[in-house]
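*Asks:* sequence and predicted structure below; questions after.
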Amino acid sequence: MKSGIYDILKARFLINEEANAAKNWRFIVFIIFLAILMIANTQRYEQKVFRIVALTNEVKELRSKFVDKRSQLMKLKMESTVSQKMEAKGIFPASVPPVKIKVSKEEEKSFFNKIWH
């Protein structure tokens, strides 16, 4: 038992021909390869997580900008804002409300016939 532990601590299983050292070396290289592969996968996963967090923050920022710009647009589209800006240019709102003009199909046909003939 004692000699077995000493052999392991002194790494005799890696140099001893009787213990088939080549198989042990292959197994160690395989374990090292798996460890490197696992570390690389973890690194890629963490990079993707950081990218997702950055994109999420960017989406939140852009969404807040969108809401801000939309509220500014609503203020600009208000009739009072438009009329104030037009008054500065000398254009005032009409005192008479607009009237809707209705055209029937027969009048429309006769109008186009007059134009083409």
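*Replies:* Perfect, I can see it now.

*Asks:* just for this protein, where's the confidence low?
*Replies:* Where the chain drops to pLDDT under 70, the residues are 1, 7-8, 10, 13, 17-19, 103, 107-109, 112, 114, 116-117.

*Asks:* what do you get if the cut-off is 90, keeping everything else the same?
*Replies:* Low-confidence segments of the chain, defined by pLDDT under 90: 1-28, 79-117.

*Asks:* quick one: the helices in the protein, in order.
*Replies:* Here the chain has its helices, by DSSP state H, at 2-9, 21-77, 79-88, 105-116.

*Asks:* as TSV, those with distance to S95 would be great.
*Replies:* To be clear about C-beta, it is placed using only N, CA and C from the backbone, and glycine gets the same treatment. Formatted as TSV, the entries for the helices of the chain read as follows, by distance: least, C-beta to C-beta, whole Å:
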stretch	distance to S95
helix 2-9	103
helix 21-77	22
helix 79-88	12
helix 105-116	29
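
*Asks:* which of those helices sits closest to I15?
*Replies:* Using C-beta to C-beta as the criterion, the shortest distance between I15 and the helices of the chain is 5.9 Å, found for helix 21-77.

*Asks:* good, wrapping up.
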